[in-house]
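Peer 1: Here is a sequence with its predicted model. Questions after.
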4 protein chains.
Amino acid sequence: MVTADLSVRGQILETADRLFYEQGYNLTGINQIIEEAGVAKASLYYHFPSKEDLCVAYLQKRYQNWSARLSQFLKGVEDPGERILQCFECRSQFLLETNFGGCSYIRIIAEMPQRTEKINHQVIINKEKQRQFFKTQVNNLSGIKPGHASDLAQTIFLLFDGATMQSQVYRSIAPMKQALKAVKALF
Amino acid sequence: MVTADLSVRGQILETADRLFYEQGYNLTGINQIIEEAGVAKASLYYHFPSKEDLCVAYLQKRYQNWSARLSQFLKGVEDPGERILQCFECRSQFLLETNFGGCSYIRIIAEMPQRTEKINHQVIINKEKQRQFFKTQVNNLSGIKPGHASDLAQTIFLLFDGATMQSQVYRSIAPMKQALKAVKALF
Amino acid sequence: MVTADLSVRGQILETADRLFYEQGYNLTGINQIIEEAGVAKASLYYHFPSKEDLCVAYLQKRYQNWSARLSQFLKGVEDPGERILQCFECRSQFLLETNFGGCSYIRIIAEMPQRTEKINHQVIINKEKQRQFFKTQVNNLSGIKPGHASDLAQTIFLLFDGATMQSQVYRSIAPMKQALKAVKALF
Amino acid sequence: MVTADLSVRGQILETADRLFYEQGYNLTGINQIIEEAGVAKASLYYHFPSKEDLCVAYLQKRYQNWSARLSQFLKGVEDPGERILQCFECRSQFLLETNFGGCSYIRIIAEMPQRTEKINHQVIINKEKQRQFFKTQVNNLSGIKPGHASDLAQTIFLLFDGATMQSQVYRSIAPMKQALKAVKALF
DNA sequence: CATGAATGAGGGTTCATTCAT
DNA sequence: GATGAATGAACCCTCATTCAT
């Protein structure tokens, strides 16, 4: 659960987070954000020098929220293999809740091919953290042949992103289910 | 190679195709398209009733070009398994040429969460054709256990999309290579 | 009753007549006219050199239709005073049928302050014919003091236009009823 | 006389007021307004959310100006009958000054058959205030038979609008003079 | 007679950003 | 910290008209 932040900055970020994800970054204007956040335009620019900076904060917040959600979801799950599988379940649940909004990091990249350094940097950071999760779990798996752990983690990550993306396209969690099946077969 | 189409409609579509893919759909304005195409604005709207319709034509053209490229790439390749692997190679080559532009269909969905029916329909058509390619090849594979063909094709497709997307994010074909490796392991 | 004219010119004029009156001249585009008329754009410009000329034809047609409707309405009515009163009734009926569209001639003037000579000429012609109707009836009235006939006709005409206009504004025939009452009091 | 308002909002409204009345609402573009007002387009939309809202402000301003002009014109005139007659004189003077621009409220309705609620509302308000003026004067008239006051006021109002409109059509104050004569005969 | 294709100019509206207060 | 007001550039789209065929 995210604690309500009633500060001006918090209001802005919370609103931007919702709108960027629901409507897309380029389709969300500064005006809509400040209107729905109930703040003045100059206040937004006081806290975030540019829309780009707001985007970076949005990406950070997205990771924090996903990370918190996943931790909560995995509470009590100890087995590395099970943790991986539950990560896919957690994503399925998330997609259902968000009406198949997909991966926010990937979407930012998708709509900004000539992305700026700031934004690119944040996306890479977030993706790397996701990748690291799978790597860590795989390394903890028992019975993995040395040298194959990295490959396995990468493959799982590919399936994770592919399924997230296809679930958005098809508005269905079937791709996630399929990915889960494929991951199980890899262990 | 695509024959140059010097008709007004052809000029518009060719320019839109290039700009939508290079810059993104929402970041490409009608004005830029007509300027670079060297046509009048009303001419664009004569041939394409709206930007949305132009987007549909863009998606169709993207599929045609990819399809032609893939056919050319697979010329002489008969073995189903090899055809699948070469499809990944073809995509790698494409990504390198386009500076890691990713999958145009997916990107359109990624930047338009509230996609219109027209656009959604065309994206689904294109994605289904891609999926069908893998299904066909897998069905022609020898030694596939009955009932596993569908799962295999789906998994390959997930890896294909996941790798395409990650290659765009990381601006590297490493994810494609990784996916290729994973696919080989599935046969 | 207007005979259906299935010629291209007829189709265009009929459609323009309907749209100009329903939507207003400036709010009706050439494109809408040709689409709803089912003719090519160049065909319109073959029959009507410009939108302005089409407007003139529209004004002529509007007078013809009103004139025909009034003649039909007054069929059998001989008494000049009664003919005047029935003219107001006829207008009331017309306004109800057209959802209070008002006077087409006046509306054209209202939306084109710097009207062209062509259009101005046609409007004046139409208005003069309306005025002449009242003059003729008044001249046939019995018991009119010489020298007052002209004044009376003019006043009736003022009431007729005022009531037509106010009926459009208020979307009610109350102003027409009020004018009718006032006219009766003048006899 | 209206004091010059040099604020941005004032400049916009003053310019729109002039152009809407001189050229017509639909024939006046936002671009022309901001050019002649010397302001940025976004400034116009900051103060007026849409052209429609600007139209409402225009209608309000038109009433204020007419009201102020009439008050000034009637200064010192106490007799109700005379006040009514002077109202027609005031309108005649106004029409001469404005090159027979007619009634702004009526013209807005005339060029927008499918008027919006906002605009319709403002026009009705303005017309009702005009009507109220005549009602008030008639009620103050001496020697009016009870029950006839309302009819008389309505008839005068019809003559007022009819004459204003015809004066615009004919570009002459003759209709106003005629209406004045008719009103005198009603007392 | 009739048409499809092309156009320059302009339509109303929104963009992200800045600045004086 | 916070704000209202102002902006230049760009948004997608439609206008009435022309012309070669």
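Peer 2: That came in fine, so what should we check first?

Peer 1: Could you tell me which residues of chain A lie near DNA strand F?
Peer 2: Applying C-beta under 7 Å from any atom of the strand, one finds that chain A approaches DNA strand F through A:7-9, A:39-43, A:45-47. Just so you know, the C-beta spots here come from the backbone N, C-alpha and C atoms, and that holds for glycine as well.

Peer 1: List buried members of the residues you listed by neighbour count.
Peer 2: Buried residues within the residues of chain A next to DNA strand F, defined by neighbour count using 16 or more other C-beta atoms under 10 Å in any protein chain shown: A:8-9, A:39, A:43, A:47.

Peer 1: From those residues, pick the one nearest A:K129.
Peer 2: Nearest to A:K129 among those: A:R9, at 23.5 Å, using C-beta to C-beta.

Peer 1: Which residue, other than its chain neighbours, is closest to the closest one?
Peer 2: Once flanking residues are discounted, A:R9 sits nearest to A:H47: 4.5 Å by C-beta to C-beta, 6 or more residues apart in numbering or on different chains.

Peer 1: distance of A:R171 from chain B?
Peer 2: Between A:R171 and chain B the distance is 9 Å, computed by C-beta to the nearest C-beta, to the nearest Å.

Peer 1: Tell me the spacing between A:F94 and A:L19.
Peer 2: From A:F94 across to A:L19, the span is 18 Å (C-beta to C-beta, to the nearest Å).

Peer 1: what do you get for A:L59?
Peer 2: Going from A:L59 to A:L19 by C-beta to C-beta gives 14 Å.

Peer 1: As CSV, could you dump the C-alpha coordinates of stretch A:161-175?
Peer 2: As requested, the backbone C-alpha atoms of stretch A:161-175 are provided in CSV (Å, rounded to 0.1, in the frame of the first residue of the first chain):
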residue,chain,number,x,y,z
ASP,A,161,9.0,-9.0,-21.0
GLY,A,162,7.6,-10.8,-24.1
ALA,A,163,4.6,-12.0,-22.1
THR,A,164,4.0,-8.6,-20.5
MET,A,165,4.1,-7.0,-23.9
GLN,A,166,1.8,-9.5,-25.6
SER,A,167,-0.6,-9.4,-22.7
GLN,A,168,-0.9,-5.7,-23.3
VAL,A,169,-1.4,-6.2,-27.1
TYR,A,170,-4.0,-8.9,-26.7
ARG,A,171,-5.5,-7.6,-23.5
SER,A,172,-5.3,-11.0,-22.0
ILE,A,173,-3.2,-12.8,-19.5
ALA,A,174,-2.9,-15.9,-21.8
PRO,A,175,0.6,-14.9,-22.8
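
Peer 1: between A:L59 and A:L19, who's got more neighbours?
Peer 2: Neighbour count, other C-beta atoms under 10 Å in any protein chain shown: between A:L59 and A:L19, A:L59 has more, with 23 against 19.

Peer 1: does the more buried one sit in a helix or strand, and which one?
Peer 2: For A:L59, the enclosing helix or strand under DSSP states H and E is helix A:51-74.

Peer 1: Show me how chain A divides into domains.
Peer 2: According to automatic domain parsing, chain A comprises the domains A:1-48, A:60-186.

Peer 1: just those domains: most buried one?
Peer 2: Per-stretch averages of neighbours, counted by mean count of other C-beta atoms under 10 Å in any protein chain shown, single out domain A:60-186 among the domains of chain A, with a mean of 18.

Peer 1: ok, it near DNA strand E or not?
Peer 2: No. Domain A:60-186 stays out of contact with DNA strand E when judged by C-beta under 7 Å from any atom of the strand, the minimum separation being 10.1 Å.

Peer 1: just stretch A:34-52 next, same as before
Peer 2: Yes. Applying C-beta under 7 Å from any atom of the strand, one finds that stretch A:34-52 is in contact with DNA strand E at A:41-42, A:45, A:49-52.

Peer 1: Leaving out chain neighbours, which residue sits closest to A:N26?
Peer 2: Computed as C-beta to C-beta, 6+ apart, the closest residue to A:N26 that is not its neighbour in sequence is B:N26, at 4.0 Å.

Peer 1: Run a quick check on A:Q114 versus B:Q23, I expect a contact.
Peer 2: Yes. Counting by C-beta atoms under 8 Å, B:Q23 is a contact partner of A:Q114 at 6.7 Å.

Peer 1: Hmm, A:E35 and A:L19 touching each other?
Peer 2: No. In this structure, A:L19 sits apart from A:E35 without contact. The criterion is C-beta under 8 Å, and the distance is 10.3 Å.

Peer 1: so what's in contact with these two at the same time?
Peer 2: In terms of C-beta atoms under 8 Å, 6 or more residues apart in numbering or on different chains, A:L19 and A:E35 are not both contacted by any residue.

Peer 1: Among the residues of chain A next to DNA strand F, which one sits closest to DNA strand F?
Peer 2: Set against DNA strand F, the nearest of the residues of chain A next to DNA strand F by C-beta to the nearest atom of the strand is A:A42 (2.6 Å).

Peer 1: average model confidence for the one helix or strand that closest one maps to?
Peer 2: Secondary-structure assignment from DSSP H and E places A:A42 in helix A:41-47. For helix A:41-47, the mean per-residue pLDDT is 95.

Peer 1: now that helix, how far from the centre of its chain.
Peer 2: Taking the mean of its C-alpha atoms, helix A:41-47 sits 26 Å from the chain's own mean (C-alpha atoms, centre = their mean, to the nearest Å).

Peer 1: where are the low-confidence patches of chain A?
Peer 2: Of all residues in chain A, those with pLDDT under 70 make up the ranges A:1-5.

Peer 1: how close does the closest residue to DNA strand E within chain A sit to A:E35?
Peer 2: Residue nearest to DNA strand E within chain A (C-beta to the nearest atom of the strand): A:G29, separated by 2.5 Å. In this view, A:G29 and A:E35 are 9 Å apart by C-beta to C-beta.

Peer 1: Please apply the same query to A:I119.
Peer 2: Between A:I119 and A:E35 the distance is 24 Å, computed by C-beta to C-beta.

Peer 1: One more: A:I144?
Peer 2: Look at A:I144 and A:E35: by C-beta to C-beta, they are 52 Å apart.

Peer 1: likewise A:L186?
Peer 2: When C-beta to C-beta is applied, the distance between A:L186 and A:E35 equals 48 Å.

Peer 1: what's the answer for A:L54, then?
Peer 2: Between A:L54 and A:E35 the computed distance is 15 Å (C-beta to C-beta).

Peer 1: Could you say which helix or strand holds whatever residue of chain A ends up closest to chain B?
Peer 2: Per C-beta to the nearest C-beta, A:G162 is where chain A lies closest to chain B, at 2.8 Å. In this assignment (DSSP H and E), A:G162 forms part of helix A:149-170.

Peer 1: so that helix versus helix B:149-170, what angle?
Peer 2: 100 degrees (axes from the mean of the first three to the mean of the last three C-alpha atoms, to 10 degrees).

Peer 1: chain center to helix A:149-170: distance?
Peer 2: 13 Å.

Peer 1: Output the contacting helices and strands for that helix.
Peer 2: Contacting helix A:149-170 under the criterion 3 or more C-beta pairs under 8 Å, 6 or more residues apart in numbering or on different chains; DSSP states H and E are the following elements: helix A:80-97, helix A:104-111, helix A:117-140, helix A:174-186, helix B:104-111, helix B:117-140, helix B:149-170, helix B:174-186.

Peer 1: Just tell me which of those helices ends up closest to D:A149.
Peer 2: Among the helices and strands packed on helix A:149-170, the nearest to D:A149 by C-beta to C-beta is helix B:117-140 (61.4 Å).

Peer 1: now the closest one and helix B:80-97, what's the angle there?
Peer 2: Going by the same axes, to 10 degrees, helix B:117-140 makes 140 degrees with helix B:80-97.
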